[in-house]
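Colleague: Let's see this in three dimensions:
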Amino acid sequence: MIRIEGFTKKYGDKTAVSNFNLHVEKGDIFGFIGPNGAGKTTTIRFLATLLKPTAGEAWINNFSVTKQPMEVRRSMGYMPDSFGVYEGMRVWEYLDFFAAAYNIKKEKRKQIIRDVIELLDLNNKRDDFVEGLSRGMKQRLCLAKTLVHDPEVLILDEPASGLDPRARHYIKELLKELQRMGKTIFISSHILAELADCCNKIGIIERGVLLASGDIRTIMSQVRENIILEVELLQPDPRLEKILWGFPGVQNVDAMGQVTRVEYQGDLREIPRMHKKLIEEGVELLYFRDLPADLEEVFMKVTKGEVA
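Modeller: Next up is the predicted model:
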C-alpha cells in the first residue's frame, strides 16, 4: 500500500533523510516516531508529492510518487501538521470547496459532506464559521477535508498536536474506526502513549535514518533485556519475596505495598512454574502478569537523542 525505496533528501551538504526503505501493508496503522528534526516531516512531504527526492522512489496504491503525482493525490489523503482556514467560510462550505477541487459532482458532494460531517461528529458545527472553531474542532475539520474524496491511504502529520486529552482521545478512537473502514494510515506523532494504543506497526527515525520498523509488540519485546512481571496480592504475604527469589532467573524483586514487580531473565518456561508455586504455597493472588515494554521505553533505548 505504501512502499519507499532508497529515499534520500539533501539540502546542500546536509542530509535530512538517508537511504530510507519502508513497506506499510494495507489496513495498517503505522506510527512514525522520531525526535524533532529527525526527518519525519521531510518523509511525509515526499509521500504527499510536495517534495522532490535527491534519490529514491515511493509508491502509494502502486502509483509512483515521482512519476504519477496526480494519481497519488487522488488515492491519498494528506493532513499536514499545520493548515490554514478561509475566513468567512462555513464548515460545510469549506468541505464543499475541497470536494469540488477533487472534481466531485455537486449532487454527490452534498451526500459526501453529510457523511464526513457525521463521521467527524461536526453536525452541530455545520453552519459555523471555520475561523471561530476551537483547535480541536479545526483538527476534526481538517481530517474531514482529508476524507472527502474517500482515499484508501491517509497520511497524517501530528493530528493530535495541541489538543486537550479529551480531543486526543477522540482522534485516537476515530483512527481505529477509519482502520475498521479499510483505510491504511501513516501517522506521525510525538505523543508516544497514544500511538501505542492505536498503531499495530511503528518506525523509529533519527538523524534521517530508519533505526527500527515492524510490529509494535515485536519491537517492544526485542528492546527489553529482562521480562517484567507484576504480582498483586489480596493481602500482604511475607512469603512472597522468598518464593520469588527461589527461582534462579529472578534479577530483582521490588515490593510496593500489595504490588510487586519482578525482573526476570532466563528460561521462559519457569514463569508459569513460578505462578504455580505461588498458588501451591497458598499465596492469595489478585493477578500475575507480564508487563510489556511501553513505547516510550522503546524510543529511549533505540534513539540517542540526536538530530541531523
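Colleague: so where do the strands sit in the stretch 51-200 of the chain?
Modeller: Taking DSSP state E, counting those that start in this stretch to define them, one finds strands in the stretch 51-200 of the chain at 55-60, 63-64, 76-79, 153-157, 184-188.
Colleague: Next, format those as TSV and append mean neighbour count.
Modeller: Heads up, the C-betas are built off the backbone N, CA and C, glycines and all. Below are these laid out as TSV (neighbours: other CB atoms under 10 Å):
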stretch	mean neighbour count
strand 55-60	19
strand 63-64	16
strand 76-79	22
strand 153-157	23
strand 184-188	24
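Colleague: pLDDT score for the nearest residue to Phe129 once chain neighbours are set aside?
Modeller: Among residues not flanking Phe129 along the chain, Arg90 sits closest, at 5.9 Å (CB to CB, 6 or more residues apart in numbering). The model reports Arg90 with a pLDDT of 96.
Colleague: Return the distance of Arg90 relative to Val231.
Modeller: Distance from Arg90 to Val231, counting by CB to CB, to the nearest Å: 57 Å.
Colleague: So these two - more neighbours on which side?
Modeller: Legend: neighbour count by other CB atoms under 10 Å for Arg90 and Val231, higher for Val231 (22 against 16).
Colleague: and the more buried one, what are its bridge partners?
Modeller: Per DSSP bridges, the residues bridged to Val231 are Thr260, Phe288.
Colleague: surely it meets Phe288?
Modeller: Yes. Val231 lies in contact with Phe288 (CB atoms under 8 Å); the separation is 5.2 Å.
Colleague: Identify the single longest helix in this protein, thanks.
Modeller: Across the chain, the longest stretch assigned as helix under DSSP state H is helix 165-180.
Colleague: buried ones in it?
Modeller: If you call a residue buried by 16 or more other CB atoms under 10 Å, then helix 165-180 has these buried ones: Ala167, Arg168, Tyr170, Ile171, Lys172, Leu174, Leu175, Leu178, Gln179.
Colleague: per-residue pLDDT, the third one?
Modeller: Looking back up the chat, that one is Tyr170. At Tyr170, pLDDT is 85.
Colleague: now do the first one
Modeller: Reported pLDDT at Ala167 in the predicted model: 81.
Colleague: Let me know whether it touches Leu143 as I believe.
Modeller: No. Ala167 is not in contact with Leu143 according to CB under 8 Å; the separation is 11.6 Å.
Colleague: Now do the SS call for Phe299.
Modeller: helix (DSSP: H, G, I helix; E, B strand; the rest coil).
Colleague: residue ranges of the strands in the stretch 201-308 of the chain, please?
Modeller: 201-206, 209-215, 227-233, 250-256, 259-264, 285-291.
Colleague: and those as TSV, adding mean pLDDT and distance to Leu154?
Modeller: Output for the strands of the stretch 201-308 of the chain, formatted as TSV (pLDDT from 0 to 100; distance: least, CB to CB, whole Å):
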stretch	mean pLDDT	distance to Leu154
strand 201-206	93	14
strand 209-215	92	19
strand 227-233	92	34
strand 250-256	92	42
strand 259-264	94	38
strand 285-291	91	32
